Every structure is written in C-alpha cells, then in structure tokens.
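Undergrad: requesting a structural model of the entry that follows:
(one chain, ligands or ions: 1)
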Amino acid sequence: MDVILKGKYIIKCKIEAQTGLHIGEGNNSLEIGGIDNAVVKDAKGRPYIPGSSLKGKMRALMEFAEGKVRDNLLVVSVKREGRPEICLHMCDDLNCPVCGLFGRNHGSHDLKSGEKIDLTDAVIPTRLIVRDAKLIETSITEEMKENLDLDWTEVKFENNIDRITSKAHPRQSERVPAGAQFSAEFVVNRFEVDSKDDQKYYLEKFIKAMKLLEDDYLGGQGSRGNGKVKFVDIEIFYKDSSDYEKDSSKLQPIATAKSLDELKLS
Ligand SMILES: [Zn+2]
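TA: A predicted model of the protein is given here:
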C-alpha cells in the first residue's frame, strides 16, 4: 500500500461545558482530599479534558452513527472473567470512516460473532490526533468561584437510596462547573492511499463526530444531567505538506465559525 501525506487540517476551538462536567480520574482519588469521585486534573491541579476521553467518546458515537455496531463488525478488545467482554468496531474496509479516522490495531482479532479478522494489511496511520484540552482559567470567573467548593470545581452530593431500608447513601462527586471552557486542538491528516486522495472526506466525518458529541455527553453521569458540551470559536486551518518547507506564519483559516451550526466548509 502506498500512503502519501497530502496535508493536515488543524481544528482549533473551545469546548464549553453547558452543564457540570465529570471526567473521572479512576479509583485512586480517595487519597487525594477525600472526594470519592474526583475529576482528572493536570500537575497544577486544574481540571482538563484528556484527548483520549474525547477521542474514545467520538469514536463510540461514530460507530453507532455509521452503522458499525454489529456482531460481525465488532472485535473483542478486552476479555473479562465472568463479566461481559468489551467490544469495539474495527474492520479491514479501507474506506471505513470510523477506522480511517480513529485507527485500527495491528494483527489478528476475535470478532464478537466468533470468527477472526486480521487487520495487518489494512493498517494505515491514524488520521485523527486529539490533544488534551486545557482549562481556560479566565472562563471560571470570580463570580463563579464564589459558588465553588474547590479551586476550580464543585462537589455534589448524590444519594443512592437503599430500596429495602430507604436509607440514603450520600456520595460525593466532583465536577467542572457549567460555563467552564477548555482550549482544544484536533488534527485530521489528509492522505493519498494507493492514488486515492482523501480530500475533505475525513474532515467532514470529524465534524459529524463533533456534532454527535454535542447531542450526547462527555464524561460520567451523562444520563443524570452532566457532560453537555458545545464547540465554540471554531477555526480550521489547512497545511499542505509543501507548506512545511515554507514560512507558515501567515497561515489563514479556511473556515471560522462561532459554533458548529454556523460552520461551512468551502
Ligand atoms: Zn471500520
């Protein structure tokens, strides 16, 4: 297979929390300050959105939206004793928008349907790169801070009601407040694979994934009102591979928009 890099689309935007946002850091948070369910933070204690969280969620949404969640199109990624296995979509179709954008793993995999699939010949570099999205500190205003429990976050008590005793079991959960913004950057590589140029195909699919995420949720407890996000102040740049040999300081965006609703690609 011949793969040539034609250029890179660079999408810069802000991600705004429309509701509280909880992206958990796992189970090791009990030692740090005693919150049961803390949000992921950088070395300076500021919450951020890991690129892997964004990418994973967008991939999952696209798998459903592109009709790829079928037993013969799902590979078993994690096998667990006594518990259901974890599956995700991967296939050898070189035109698959999900695998083309989000990537495939080398080698042989077990399909959920029981057969095997070998993806060695279908692996091309992943087109999408997702950076960690850093908190824009000024987006959490002094006024907002007055209502926060910690420097950048609020702590909610959630009650789990015991169905037999009706006793409430309160549990703390930390979240980033509505209104917080994060600066995000995504790169979509444009390849030519065996003389077939991607053009804007994967960029358009990526924008579809952004739209799907806005109508879904990011992080935990989405069905309980957390995790609604909006992409704002969007700028898309294109760097042709030849531009990397030139002075690129004057690079102009190919599209700008306040929100996805207003975004038009020429
Ligand atoms: Zn696929």
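Undergrad: neighbours around T120, how many?
TA: For T120, the number of neighbouring residues by other C-beta atoms under 10 Å comes to 10. Placement of C-beta: from N, CA and C, glycine included.
Undergrad: give the contact list for it.
TA: Contact analysis of T120 by C-beta atoms under 8 Å, 6 or more residues apart in numbering lists H106, G107, S108.
Undergrad: distance to L73 and neighbour count added to these, as TSV?
TA: Compiled in TSV, these are given as follows (distance: C-beta to C-beta, whole Å; neighbours: other C-beta atoms under 10 Å):
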residue	distance to L73	neighbour count
H106	18	10
G107	17	10
S108	16	11
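Undergrad: what is the nearest of these to the ion?
TA: When the contacts of T120 are compared for distance to the ion, the smallest value, 14.5 Å, is given by H106; criterion: C-beta to the ion.
Undergrad: what sits closest to that closest one if chain neighbours are left out?
TA: If the residues on either side of it in the chain are set aside, H106 comes closest to V123, at 5.4 Å by C-beta to C-beta, 6 or more residues apart in numbering.
Undergrad: do you know how far that neighbour is from K228?
TA: Using C-beta to C-beta, to the nearest Å, one obtains 35 Å as the distance from V123 to K228.
Undergrad: which one of those two has more residues nearby?
TA: K228 (19 against 15).
Undergrad: can you give me the distance of the more buried one to L213?
TA: The spacing between K228 and L213, counted by C-beta to C-beta, is 10 Å.
Undergrad: what of G67?
TA: Using C-beta to C-beta, which is the criterion applied here, G67 is 18 Å from L213.
Undergrad: please apply the same query to N147.
TA: From N147 to L213 the distance is 27 Å (C-beta to C-beta).
Undergrad: more neighbours, those two?
TA: Using other C-beta under 10 Å as the criterion, N147 and L213 rank with L213 on top: 23 against 8.
Undergrad: and the more buried one, that one's in a strand?
TA: No. According to DSSP: H, G, I helix; E, B strand; the rest coil, the state of L213 is helix, so it is not within a strand.
Undergrad: ranges for the strands of the stretch 1-150 of the chain?
TA: Under the criterion DSSP state E, counting those that start in this stretch, the stretch 1-150 of the chain carries strands at the ranges 3-17, 48-49, 74-78, 86-89, 108-110, 116-118, 128-130, 133-135.
Undergrad: so who does S195 touch?
TA: With contacts taken as C-beta under 8 Å, 6+ apart, S195 has the following neighbours: D2.
Undergrad: and stretch 241-249, how far out from the chain's middle?
TA: Distance, stretch centre to chain centre, for stretch 241-249: 29 Å (C-alpha atoms, centre = their mean, to the nearest Å).
Undergrad: if you average pLDDT over that stretch, what comes out?
TA: For stretch 241-249, the mean pLDDT works out to 82.
Undergrad: now stretch 145-162
TA: Averaged across stretch 145-162, the pLDDT comes to 86.
Undergrad: could you give me the buried positions within it?
TA: Of the residues in stretch 145-162, L150, W152, T153, E154, V155, K156 count as buried by neighbour count, 16 or more other C-beta atoms under 10 Å.
Undergrad: what's the burial count for the nearest residue to the first one once chain neighbours are set aside?
TA: Here the nearest residue to L150 in space, its sequence neighbours aside, is E174; by C-beta to C-beta, 6+ apart that works out to 7.1 Å. Summarising burial for E174: neighbours were counted as other C-beta under 10 Å, giving 25.
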